[in-house]
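In: Dropping a prediction and its sequence here:
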Amino acid sequence: MSNKLESIRNRLIDVIIGSEEPSYLMILGLITDGHILIQGAPGIGKTTLAETLAKSINGSFSRVQFTPDILSSDLLGYSIYHQGREEFEFVRGPVFSNVLLADEINRTSPRVQSSLLECMNERQVSIDGYTHKLSLPFMVIATQNNVHSTGTFALPEPQLDRFMLSISMGIPDPETQTKILLKHSNEEAESRDFDPLIELEEIIDFQSQVKLIHVSENICSYITEICDCARRKKGMTHSISSRAAISLMRASQAVAWLEDNKAVYPEDVKSVVGSVLSHRIASSEDIDIGGVSGAELVIEILNEVDVP
């Protein structure tokens, strides 16, 4: 792992005690040019984790607090007419940034949620017949409370599929909670001004290096069999698309790159398959499929597929 990426991860772990795995997955999302969905109960550090990553990058950052009354134009932007110049001017919305924090994304209407689709996939916005390119790199980090469903709108399947990784954050164990209390006993613990640790050009370079990691035909077949097995599962609520398979391959390449390997191994695939597929094969409310949760279903799939 690059020294700068290691510094970012250490900062994330320092800010959110006990977030070793979520912090690692945040780095994976950053170097794979992917979007991240962070799920969990309120007050466990989802927003803080996302903000800390965004502020560690020397780029533009926007945060949008999603509410039922927010409009698509509040997110994407809008055109206003200048009577003196007799022309329309496009006012850019918060989506025109390198990192967009979509806080509590499941508390807004499906129309606003779907307005993110083009941004996340095409890295562009089409408004009033004009196409506006987004800044690169562009990353959406969305948070949602998947415990309390009152007043929420479940994310549509097409948008769930556009998140490369999902991160589940739960209530920490008693020992970790004690460490958190000790840390926050200092009144200044909440006030943090972060200096950027990495430049945008370096991130783009890392993303290019990840794509050069070799993936053998056997590994491609292994990924395909995992996805096919997931599709065959009885009672599936979300399909596993070709985009999901590509995301699993890209995340596996990122793991290999972080480990300084030249090729992807089965262990690399197995280490990220849960984060790539779990939000695609179970609903945001974690509805059981025949009594089995999404995370447990991923374990079943890995046990059924032969390792090359």
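Out: Yep, that arrived. The structure presented is a predicted model; accordingly, all values stated were derived computationally and were not measured.
In: now the helices for the stretch 151-300 of the chain?
Out: For the stretch 151-300 of the chain, the helices identified by DSSP state H, counting those that start in this stretch occupy 157-160, 174-184, 200-211, 217-232, 242-258, 266-281, 294-304, in order along the chain.
In: So which elements touch the fourth one?
Out: Taking 3 or more CB pairs under 8 Å, 6 or more residues apart in numbering; DSSP states H and E as the contact definition, the neighbouring helices and strands of helix 217-232 are helix 242-258, helix 266-281, helix 294-304. In short, each C-beta sits where N, CA and C put it, glycine included.
In: Flag the shaky bits of the stretch 1-150 of the chain, pLDDT-wise.
Out: 147-149 (pLDDT under 70).
In: OK, contacts around A54?
Out: With contacts defined as CB atoms under 8 Å, 6 or more residues apart in numbering, A54 is in contact with F61, V99, L101, I141.
In: can you pick the most crowded of those?
Out: Using other CB atoms under 10 Å as the contact criterion, the top neighbour count among these goes to I141, which has 28 neighbours.
In: now the helices of the stretch 151-300 of the chain in a markdown table, with distance to N145?
Out: Supplementary listing: the helices of the stretch 151-300 of the chain in a markdown table, determined by distance: least, CB to CB, whole Å:
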| stretch | distance to N145 |
| --- | --- |
| helix 157-160 | 16 |
| helix 174-184 | 19 |
| helix 200-211 | 29 |
| helix 217-232 | 26 |
| helix 242-258 | 24 |
| helix 266-281 | 14 |
| helix 294-304 | 17 |
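In: among those, which is nearest L30?
Out: Counting by CB to CB, L30 lies closest to helix 200-211 out of the helices of the stretch 151-300 of the chain; the figure is 6.4 Å.
In: got JSON lines for the helices and strands packed on helix 217-232, with mean pLDDT too?
Out: Putting the helices and strands packed on helix 217-232 into JSON lines (pLDDT from 0 to 100) gives the following:
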{"stretch": "helix 242-258", "mean pLDDT": "96"}
{"stretch": "helix 266-281", "mean pLDDT": "92"}
{"stretch": "helix 294-304", "mean pLDDT": "83"}
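In: closest to G170 out of those?
Out: Evaluated over those, closeness to G170 peaks at helix 294-304, with 11.2 Å, by CB to CB.
In: for F163, what are its contacts?
Out: Contacts were defined as CB under 8 Å, 6+ apart; by that measure F163 touches G34, H35, I36, L37, M120, V140, A142, H279.
In: quick one, phi psi at the fourth one?
Out: Taking degrees, to the nearest 10, you get phi -110, psi 120 for the backbone angles of L37.
In: Number of residues surrounding it?
Out: Burial of L37 is recorded as 27 neighbouring residues (other CB under 10 Å).
In: Check the gap between it and N145 for me.
Out: Distance from L37 to N145, counting by CB to CB, to the nearest Å: 12 Å.
In: re earlier: let's have the contacts of A54 in JSON lines, adding distance to Y130 and secondary structure.
Out: Below are the contacts of A54 laid out as JSON lines (distance: CB to CB, whole Å; DSSP: H, G, I helix; E, B strand; the rest coil):
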{"residue": "F61", "distance to Y130": "25", "secondary structure": "strand"}
{"residue": "V99", "distance to Y130": "24", "secondary structure": "strand"}
{"residue": "L101", "distance to Y130": "26", "secondary structure": "strand"}
{"residue": "I141", "distance to Y130": "27", "secondary structure": "strand"}
